[in-house]
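>>> The amino acid sequence is not available; the structure is as follows:
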Ligand code: WT7
């Protein structure tokens, strides 16, 4: 074990902020239709018995048995090195074999993927399981022979939503090469930093792709990524470039000889090659997925092969209700964990047809999503509250104009407002589809809380109970359990390990322990998993019916449109602007995206506030992180509110941005600055102070 965890700190205050009662109106239940129940994969209430706590950890065999193993495991859960749990130890398997090869006998002519290009005049393209097999094998041969990649190496993939993305991932998995997919919308710099952190010597990219009607130059980002990695002291040797349109080049970036290669020029050398899937240890890493934490540096969540694949397969089957005959469309980007687990690995492991849409949901108009659903006969739909809010705003009645029928829908990534939920249910789902609100995180591999679609009633705004075999609880700052129905908020934790949990943070075991286990560890010397609750860094309330309502992050992470951004990352980007002396980033409520970052900067002596500085800060955030992090506002302030010891009070700035009460400011070193900043942001007349969301109240309380 890396660090000795400390006991929860004794607090002087009697009521912590996390304990403040939250008064929700209890929402009424909605029930799945008998038609849905009749066909559901999971409609046997005995599941609760099969996954009861006394059956843990062996209950998870049920998921692992859905996979094809080269060698069966001898130990389901090994707890000898807490909290580095090991799953299905001794077992061997290959993820690409499980998602591709094993479906050849029965499903080779069935679509594995259907690619929908953004331009509506480009027809959808189906990739059958046979095609997928051929393409994964050929590309694996290229990775092995042209790039010299071998088991255990890392490869960074910076691709948009095109079939070549899952093909690249599965080709890596076939060789036991660890893939690290960086969201296509992230900047070249963000990509380069991640490539350096994982020491990837190969970067996979594409010349360009469509976004909102424009063909974007994407290869240019690879050039920046290589420069950035070089600055970090890391050399990327080869860049493999897929091509969006045969015979064309969407990028202005020059090709560097012996470094950059068009995939379609070298792939014919591997035509028809078959690469035997490497039989991997269940515990061998399958991929890294970088996510933001409370410090500046993104962390590489390292996911294992056996446990991860078992968990996403089991949950795709039971919670997503995927059958091989379903057409399943998850609108997330594969560059996030949702896409890894619930576009690629889970659905393909179950021989589903998984839809990949290249572009923006509202392009060219508010009907696009529903036209795709109608044309492809999609019957399972999966998206985020941000997308739902956006689609509702763009075309409230649009879904009614199209003849599609969903049996099942998912919402994931952020809390969903009950009224938005009801629009999803009534208008998008046409009252026919069951909804699951799945709560989980990049670190978790798969769902942690959700209703079981055929067995549990739905409650708008609540994720539902813990998943089968997952035992969540709410703890207060002292480590005491907050009882169900108390109406009090606290930190949601998971009492037990599960197969989908990440193995560690790539290259940083200590940070892994500190981040997730230190806060509530009961005994650092214990090898009993019961002493090691997982701390998720989300606030939640538990109702009497056992349903969890997730309130949002309790750390310095802002959940923008269902994606995590670290405030420290954005602040460091702002500080690269010469004129900027100090920067503070806070979350502000946004009608569509849930939360968005707002930036406060103060300038170095001798500089005056100007639009030019604002533009520079904007550009810095876009180039260092990506457009997704673009601030809602940038405020240039004369000074930052600070404590006497010089600590920047982000909490106060967050209240100003969100029109909340600033609380006691008398202990500040510079209380006068608060009113100055308030006036700057809200105007001369004091605005009425309103009720502020729980996560915003919690924000920066550690400062
Ligand atoms: C954070 C994790 C893995 C899903 C995609 C986001 C928030 C996630 C829900 C939900 C309320 C949710 C949490 C969590 N979140 N799902 N159903 N209801 N909040 O993955 O980028 O790792 O973000 O998203 O705050 O901690 P991520």
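Perfect, thanks for sending it. Since this is a predicted model, take the numbers as computed values, not measurements. Numbering: from 1, shown residues only.
>>> Helices of the stretch 551-700 of the chain, start to end?
567-574, 611-624, 650-657, 672-682, 694-698 (DSSP state H, counting those that start in this stretch).
>>> got the end-to-end distance for stretch 297-312?
Start-to-end span of stretch 297-312 (Cα to Cα, to the nearest Å) is 27 Å.
>>> tell me the average confidence for that stretch?
For stretch 297-312, mean pLDDT is 96.
>>> cool, stretch 25-34 as well?
According to the model, stretch 25-34 has a mean pLDDT of 94.
>>> Show me what it is in contact with.
Contact with stretch 25-34 is made by 40, 418, 425, 432, 434-435, 453-454, 457-462, 543, as judged by Cβ atoms under 8 Å, 6 or more residues apart in numbering. Every residue, glycine included, has its C-beta placed from N, CA and C.
>>> Just flag the most distant two among these.
432 and 543 (26.5 Å; Cβ to Cβ).
>>> higher neighbour count, those two?
Taking neighbours as other Cβ atoms under 10 Å, residue 432 and residue 543 compare with residue 543 leading, 18 against 15.
>>> if I read this right, the more buried one contacts residue 549, doesn't it?
Yes - using Cβ atoms under 8 Å, residue 543 makes contact with residue 549 at a distance of 6.9 Å.
>>> which neighbours do those two share?
Common neighbours of residue 543 and residue 549 (Cβ under 8 Å, 6+ apart) are residue 462.
>>> Nearest residue to whichever residue of the stretch 151-300 of the chain sits closest to the ligand in space, ignoring adjacent ones along the chain?
Nearest residue of the stretch 151-300 of the chain to the ligand (Cβ to the nearest ligand atom) works out as residue 291 at 5.2 Å. The shortest distance from residue 291 to any non-neighbouring residue, by Cβ to Cβ, 6 or more residues apart in numbering, is to residue 442 (4.1 Å).
>>> what pLDDT does the one you found get?
97.
>>> Residue 20 too?
54.
>>> and residue 239, what element?
Element membership of residue 239, judged by DSSP states H and E, is strand 238-242.
>>> which element follows that strand toward the C-terminus?
Heading C-terminal from strand 238-242 (DSSP H and E), you reach strand 260-262.
>>> Report all helices and strands that that next one contacts.
Contacting strand 260-262 under the criterion 3 or more Cβ pairs under 8 Å, 6 or more residues apart in numbering; DSSP states H and E are the following elements: strand 238-242.
>>> What strands flank the strand it packs on, and is each parallel or antiparallel?
strand 202-206 (parallel), strand 260-262 (parallel) (DSSP bridges).
>>> Following element in sequence after the shortest one, please.
Moving toward the C-terminus from strand 260-262, the next helix or strand (DSSP H and E) is helix 263-266.
>>> Which residues of the stretch 501-650 of the chain lie near the ligand?
Within the stretch 501-650 of the chain, the positions near the ligand by Cβ under 6 Å from any ligand atom are 538, 550, 552, 553, 559, 562, 563, 564.
>>> List only buried entries from those residues.
Burial by neighbour count, 16 or more other Cβ atoms under 10 Å: within those this picks out 538, 550, 552, 553, 559, 562, 563, 564.
>>> Kindly provide the distance from the residue in the stretch 551-700 of the chain that the ligand sits nearest to to residue 555.
For the stretch 551-700 of the chain and the ligand, the shortest gap (Cβ to the nearest ligand atom) falls at residue 564, measuring 3.9 Å. Distance of residue 564 to residue 555, given as Cβ to Cβ, to the nearest Å: 10 Å.
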